[in-house]
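Novice: Sequence first, then the predicted structure, then my questions.
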There are 2 protein chains.
Amino acid sequence: MDIEEFRKRGYETIDRICKYYQDLEKYDVLSKVKPGYLKEVLPKEAPEEPEPWENIQSDIETKIIPGITHWQSPNFFAYFPANSSFPSILGDMYSDMFNVIGFNWLSSPACTELESIVLDWMGKLVGLDQKFSSDGKGGGVIQGTASEATLVTLLAARYRVLEEYKAKGADEEKLRTISTRLIAYGSDQTHISFKKATMITYTRFRALSTDNNFSLCGETVKQEIEKDIANGLIPFYIVGTIGTTNSAAIDKITDIVDAIKGTNIWLHIDAAYAGSALICPEYKYLLEGINQADSFNFNMHKGLLTNFDCSCLWIKEREYLIGALSTNPDYLKNSASESGMVLDFRDWQIPLGRRFRALKIWFVLRTYGAKGLREHVMKGHKLADRFKNEIQQHPDLFVIPIIPNFGLVNFYVKSNNSSKNSNELTEMVYNRLNESGKVFLTQTEMRGQNIIRFAPGSPLTTERHIDQACELLLKITQEVLCDINLNNVENF
Amino acid sequence: MDIEEFRKRGYETIDRICKYYQDLEKYDVLSKVKPGYLKEVLPKEAPEEPEPWENIQSDIETKIIPGITHWQSPNFFAYFPANSSFPSILGDMYSDMFNVIGFNWLSSPACTELESIVLDWMGKLVGLDQKFSSDGKGGGVIQGTASEATLVTLLAARYRVLEEYKAKGADEEKLRTISTRLIAYGSDQTHISFKKATMITYTRFRALSTDNNFSLCGETVKQEIEKDIANGLIPFYIVGTIGTTNSAAIDKITDIVDAIKGTNIWLHIDAAYAGSALICPEYKYLLEGINQADSFNFNMHKGLLTNFDCSCLWIKEREYLIGALSTNPDYLKNSASESGMVLDFRDWQIPLGRRFRALKIWFVLRTYGAKGLREHVMKGHKLADRFKNEIQQHPDLFVIPIIPNFGLVNFYVKSNNSSKNSNELTEMVYNRLNESGKVFLTQTEMRGQNIIRFAPGSPLTTERHIDQACELLLKITQEVLCDINLNNVENF
């Protein structure tokens, strides 16, 4: 494909993207293909000879699109919103044009410097303490996902605590033994990536119980830590969540800060989804806790119109991150790095190479302005409110077991004189909703109760889509109840 | 930015990409900006109000491009080639259009299924054993970088060895103690990511010494393993490299296979750079060793015209990878996953979310055909040969200390009657080469000798660029020697 063919195909692809967003509503949100569908229609081997672009383009339409679950659809209410935007796509195009691999400063100074700058900008928009900025001992860095942010902060925490033992004279063998006694904490609502990070590092993890609002409390933390220390374990890391995956619950961060005062426990704040809301004045009250943490993370690819992946991590003392992850082979040595005047982000992450992801943040921030992004966040929350208000009109059918936070509405179907219990009904309604192809939602389980999660946030979602979703939910729920009553009559 | 503005800006961006590749030769390869250059010209804060696209576009030209090191330049001979291509850029554009987050099958079946299929295609092109295919117990998966492939295979290996101890009755506490005795091996030429993976997992790593060709030999492995076992350690992982970063050296894989026979040591093959050459008949002789390994990795983003990131990992028994990394929270449960008929790639990697990277592989394979990719690989190797032949015409000036492999030429400057030794001269020549802006090369150090690495491979690089690089090298070397002689005369 030469330059002129690329120009032609590039224009066509831009047009295809435009058409995709124009037509998005027409697609079933959730793909209906069966496992193995693609293998049946693709060749067993790579082609030996080049194929014309037309073949590829038509295969996208006939073979790929049927297997897509349309995350950008206005009727996508599953997981958490994770939306694309046009300036973000343009950012990735420029990133692909340069295709630099920015593992150190020298390999493309703009890649490292723009990342530091836009993360400082974002930190300010959120309201992070100056200590999280790159001007001092801290700084921000783009990770691929919150899972990676979790893992690297856990590594920084382990490094910090082991350095303390080293300073007290522990040798390498002693440190290995000490490492087997390290324990990290989250709550029973903490995202699964924390368990995964402790699996990777082979440290202990304990999920602490939460209160009636599914929040982790300081008192629980204090008690568990004391018990573990008495049993010879070494608490070294705790995660506080702002906006849990199940229900967008908020841990009591300031109480947790008090509970770990005087220890060497690293406090990480996971706001993977909800963090985007912190740019709005409505949520600034959460900053008091956040600003006392060692690290803070949220995903711009959730809620802030930046294409996946774009997980922003800030850390107050980068020396621990770098200490945990730094290696300096001869083939990467260069005078800029040796001077100490530059950051080499390879030492802030698991991979060596990295893409120029700061471009898309820069484009998004400038195209929408802080104001536009705040409006986008609040629009999603308002749509969630609308949904909540509409289903609250039917207290005979639905229960909202927890006050909705950050635009996530959890509900389940009530069991009234039915032969099915609430969990069975909820599961049946959930399955029919997704089978309809009209909407996509996800479910979860909380303390034995099946829950349907409703998380709007696509820029294409309007009040009309919310109302349609409500209507569909009502219709399907009534059908399910009706079918059960019919069955009961038949069985009678 | 609405759809029509995006269409306009999208066309412009396509045109800008075309112009970039047309003009690429005009840019200095290595950026000449000073640390902190960007902070001086960008605002301290994100804009509150939206900005017009023209501002962003002009900032790309004036503020970003000066800070780019041009990896796609025909005069980029540093690190290893990592080249973009037009079909690959189009693949990323489609990926960005869908912006699906394919952590499990359900979240977009096409994302998972196409990845399995194109990895099976690539495995066949390379010549991997059927055991590495997704049809049986194995399969391929795209990782971001070889560093991640390393880490996840190390985790699979640890899982496998600890499961063995568990089967023998070790409880959790015992397993923790056992984990402190685990030791992984590579050579003194192994890529630094292996050391990093053992830092992350807090397992031991030993770099074993290599022979005169910088290859790891079976005998060394056997001796070290025996010694370590006698000392109470538990060898569990070894990496054999095909194409080391320093010199593209090849470890003696079949001998290593013999050396670890009868143990539970996991053999991983790292061919991050050189693996792309395995699609060519000239390199098929290496498959005998590779096919006896537990896992194999190479980067399509090096050498096979696929934009970064795209690191391909194959594994023979995926159950160990999944065992090491699997978590199954309620909020991700779905009937497709529970059926066991689908793969959920989130359990094959560190992150949870993943992009639709298979599209770009699919586009590249079909646009070039296997034939076109083989020609591209061999063209790079031939250009390296041309460079080698040209500098071999000057045995008075340059030494090639190791037979070039896989298109990487290492050399250093000879010291003849000069007041500077060879290392000093090599460093001086190296610095002036890069300061010229005309080329970018990297250096390394091998057994005390400074080495300049020359790694051509950009699709834009032609014989003319090789000849120009040779001329420049000759000119600069002669200038350096002349300056030194002048200084000597002056000092006399």
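Specialist: Alright, I've got the coordinates.
Novice: list the buried ones in the longest helix anywhere in chain A?
Specialist: Longest helix of chain A, by residue count under DSSP state H: helix A:358-392. By neighbour count with 16 or more other CB atoms under 10 Å in any protein chain shown, helix A:358-392 contains the buried residues A:358-370, A:372-374, A:376-381, A:383-384, A:386-388, A:390-391. Just so you know, the C-beta spots here come from the backbone N, C-alpha and C atoms, and that holds for glycine as well.
Novice: How about stretch A:286-298?
Specialist: A:286-287, A:289-298.
Novice: pLDDT of the longest helix of chain A, averaged?
Specialist: Averaging pLDDT along helix A:358-392 gives 98.
Novice: do stretch A:322-333 as well
Specialist: pLDDT averaged over stretch A:322-333 gives 84.
Novice: How far does it sit from its chain's centre?
Specialist: 29 Å (CA atoms, centre = their mean, to the nearest Å).
Novice: Alpha carbons only: can I get it in PDB?
Specialist: This file holds the C-alpha atoms of stretch A:322-333, laid out as PDB (Å, rounded to 0.1, in the frame of the first residue of the first chain):
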ATOM      1  CA  ILE A 322      11.600   3.700  40.300                       C
ATOM      2  CA  GLY A 323      13.400   1.800  43.000                       C
ATOM      3  CA  ALA A 324      11.100  -1.100  42.500                       C
ATOM      4  CA  LEU A 325      11.200  -1.200  38.800                       C
ATOM      5  CA  SER A 326      14.400   0.400  37.600                       C
ATOM      6  CA  THR A 327      17.000  -1.500  35.500                       C
ATOM      7  CA  ASN A 328      19.700   0.200  33.600                       C
ATOM      8  CA  PRO A 329      21.200  -1.900  30.800                       C
ATOM      9  CA  ASP A 330      24.100  -0.700  28.700                       C
ATOM     10  CA  TYR A 331      22.100  -0.700  25.500                       C
ATOM     11  CA  LEU A 332      19.700   2.000  27.000                       C
ATOM     12  CA  LYS A 333      22.300   4.200  28.600                       C
END
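Novice: That stretch close to chain B?
Specialist: Yes: for stretch A:322-333 and chain B, the contact criterion (CB under 8 Å from any CB of the partner chain) is met by A:324-325, A:327, A:329-333.
Novice: Show me which of the residues you listed are buried.
Specialist: By 16+ other CB under 10 Å, the residues of stretch A:322-333 next to chain B give A:324-325, A:329, A:331-332 as buried.
Novice: Filtering the buried residues of helix A:358-392 by proximity to chain B, which remain?
Specialist: Within the buried residues of helix A:358-392, those near chain B by CB under 8 Å from any CB are A:359, A:362-363, A:365-370, A:372.
Novice: any low-confidence regions in chain A?
Specialist: A:490-492 (pLDDT under 70).
Novice: Which residues are in contact with the residue nearest the centre of it?
Specialist: Centroid check for chain A by CA atoms, centre = their mean gives residue A:272 as the closest residue, at 4.4 Å. Residue A:272 sits next to A:146, A:191, A:243, A:245, A:297-299, A:302, A:311 when contact means CB atoms under 8 Å, 6 or more residues apart in numbering or on different chains.
Novice: what does the domain assignment say about chain A?
Specialist: Domains of chain A are assigned by automatic domain parsing as A:1-30+A:69-84+A:377-492, A:36-65, A:100-356.
Novice: now, of these, which is deepest in the fold?
Specialist: Stretch with highest mean neighbour count among those: domain A:100-356 (a mean of 21; mean count of other CB atoms under 10 Å in any protein chain shown).
Novice: start to end distance for that one?
Specialist: Start and end residues of domain A:100-356 are separated by 7 Å (CA to CA, to the nearest Å).
Novice: what's near enough to touch residue A:160?
Specialist: A:236, A:264, A:266, A:320, A:323.
Novice: Can you check what angle separates the helix or strand where it lies from helix B:146-167?
Specialist: Secondary structure assignment for residue A:160, by DSSP states H and E: helix A:146-167. Counting by axes from the mean of the first three to the mean of the last three CA atoms, to 10 degrees, helix A:146-167 lies at 70 degrees to helix B:146-167.
Novice: I'd like the next helix or strand past helix A:146-167.
Specialist: helix A:172-179.
Novice: Sheet-wise, list the partners of the helix or strand following that next one with their directions.
Specialist: Next in sequence after helix A:172-179, counting helices and strands by DSSP H and E, comes strand A:182-187. The pairing partners recorded for strand A:182-187 under DSSP bridges are strand A:204-208 (parallel), strand A:234-241 (parallel).
Novice: and the ones you listed as CSV, adding distance to residue B:227?
Specialist: Below are the strands paired with strand A:182-187 laid out as CSV (distance: least, CB to CB, whole Å):
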stretch, distance to residue B:227
strand A:204-208, 32
strand A:234-241, 32
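Novice: one step back: out of the residues of stretch A:322-333 next to chain B, which sit inside helices?
Specialist: A:324-325.
Novice: Could I get the contacting residues of residue A:350?
Specialist: Per CB under 8 Å, 6+ apart, neighbours of residue A:350: A:148, A:151-152, A:325, B:147-148, B:151, B:196, B:200, B:350.
Novice: That one in helix, strand or coil?
Specialist: Under DSSP: H, G, I helix; E, B strand; the rest coil, residue A:350 falls in the coil class.
Novice: where's stretch A:391-400 relative to the chain centroid, distance-wise?
Specialist: So, by CA atoms, centre = their mean, the centroid of stretch A:391-400 is 29 Å from its chain's centroid.
Novice: typo on my end, stretch A:192-200
Specialist: On the basis of CA atoms, centre = their mean, stretch A:192-200 sits 15 Å off its chain's mean C-alpha point.
Novice: do it and chain B meet?
Specialist: Yes: residues of stretch A:192-200 are located near chain B by CB under 8 Å from any CB, namely A:192-193, A:195-196, A:199-200.
Novice: so which of the residues you listed comes closest to chain B?
Specialist: Of all the residues of stretch A:192-200 next to chain B, chain B sits closest to residue A:192, with 4.3 Å by CB to the nearest CB.
Novice: Touching, that closest one and residue B:330? I think so.
Specialist: No: assessed by CB atoms under 8 Å, residue A:192 is found out of contact with residue B:330, at 9.5 Å.
Novice: that older thread, which among the domains of chain A is found nearest to residue B:84?
Specialist: Comparison of those against residue B:84 by CB to CB identifies domain A:100-356 as nearest, at 9.8 Å.
Novice: Return the residues of the stretch 101-250 of chain A in contact with chain B.
Specialist: A:101, A:105-111, A:113-114, A:116-118, A:121-122, A:124-125, A:144-148, A:151, A:155, A:158, A:176-177, A:179-180, A:191-193, A:195-196, A:199-202, A:245-246.
Novice: quick one, what contacts residue A:378?
Specialist: With CB under 8 Å, 6+ apart, residue A:378 has these contacts: A:280, A:282.
Novice: And it, how far from residue A:6?
Specialist: 40 Å (CB to CB, to the nearest Å).
Novice: can you check residue A:456 too?
Specialist: For residue A:456 relative to residue A:6 (CB to CB), the value is 37 Å.
Novice: try residue A:21
Specialist: With the distance defined as CB to CB, residue A:21 ends up 22 Å from residue A:6.
Novice: ditto for residue A:385
Specialist: Relative to residue A:6, and taking CB to CB, residue A:385 is found at 46 Å.
Novice: Tell me who's in contact with whichever residue of the stretch 101-250 of chain A sits closest to chain B.
Specialist: Nearest residue of the stretch 101-250 of chain A to chain B, counting by CB to the nearest CB: residue A:110, 2.9 Å away. Contact analysis of residue A:110 by CB under 8 Å, 6+ apart lists A:356, B:31, B:33, B:38, B:63-68.
Novice: doesn't it fall inside a strand?
Specialist: No: going by three-state DSSP, the assignment for residue A:110 is helix, not a strand.
Novice: nearest residue to it other than its sequence neighbours?
Specialist: Computed as CB to CB, 6 or more residues apart in numbering or on different chains, the closest residue to residue A:110 that is not its neighbour in sequence is residue B:67, at 2.9 Å.
Novice: now do residue A:246
Specialist: residue A:444 (5.1 Å).
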